[in-house]
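# Predicted model, plus sequence, below.
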Amino acid sequence: MVWQDIIFFIGQWVFLVALVPALTSREKPPVSTSLITGLILVVFSFTYFTLELWLSAISSALIAAAWLTLALQKFGTDKKIKRKK
């Protein structure tokens, strides 16, 4: 295991913990922001995987899942609001 993998892993877990309030609150970032961020992180995760940075690949995939979850949450909220109008 290379030291860079550990550094990326730790930094990404800090980002993941920082996303928890957004996942649990009523206020969500825009769908476009969440979707683009999630998709880019999927690409990063794949790239880490090809470099055999296993911890980084897993943590990046988890953060991508969190951002994509935010996109789904916001999309669902937006649909409910439109139905009420």
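That came through, no problem. Numbers count the residues shown, from 1 in each chain.

# Just the helices from the chain, written as ranges.
Using DSSP state H, the helices of the chain run over residues 3-24, 31-50, 54-84.

# Quick one: low-confidence residue ranges for this protein.
Low-confidence segments of the chain, defined by pLDDT under 70: 79-85.

# re the thing from before, now mean neighbour count too, for the helices of the chain, in CSV please.
Glycine gets a C-beta too; all of them are placed from N, C-alpha and C. CSV is the format used below for the helices of the chain (neighbours: other Cβ atoms under 10 Å):
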stretch, mean neighbour count
helix 3-24, 13
helix 31-50, 16
helix 54-84, 17
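
# And for S34, nearest residue in space, chain neighbours not counted?
Among residues not flanking S34 along the chain, A71 sits closest, at 3.7 Å (Cβ to Cβ, 6 or more residues apart in numbering).

# What distance do you get for that neighbour to V14?
As defined by Cβ to Cβ, to the nearest Å, A71 lies at a distance of 21 Å from V14.

# again with L72
Distance of L72 to V14, computed by Cβ to Cβ: 23 Å.

# same thing with A66?
From A66 to V14 the distance is 13 Å (Cβ to Cβ).

# Could you do G38 as well?
18 Å.

# swap in T50?
T50 sits 24 Å away from V14, going by Cβ to Cβ.

# what's next to stretch 66-83, contact-wise?
16, 19, 22-23, 28-31, 34-35, 37-39, 41 (Cβ atoms under 8 Å, 6 or more residues apart in numbering).

# 6 Å instead?
Stretch 66-83 has contacts (Cβ atoms under 6 Å, 6 or more residues apart in numbering) with L19, K28, V31, S34, L35, T37, G38.

# Please name the residues that touch the first one.
With contacts defined as Cβ under 6 Å, 6+ apart, L19 is in contact with A66.

# Repeat that for the fourth one.
When the contact criterion is Cβ under 6 Å, 6+ apart, the partners of S34 are W67, L70, A71.
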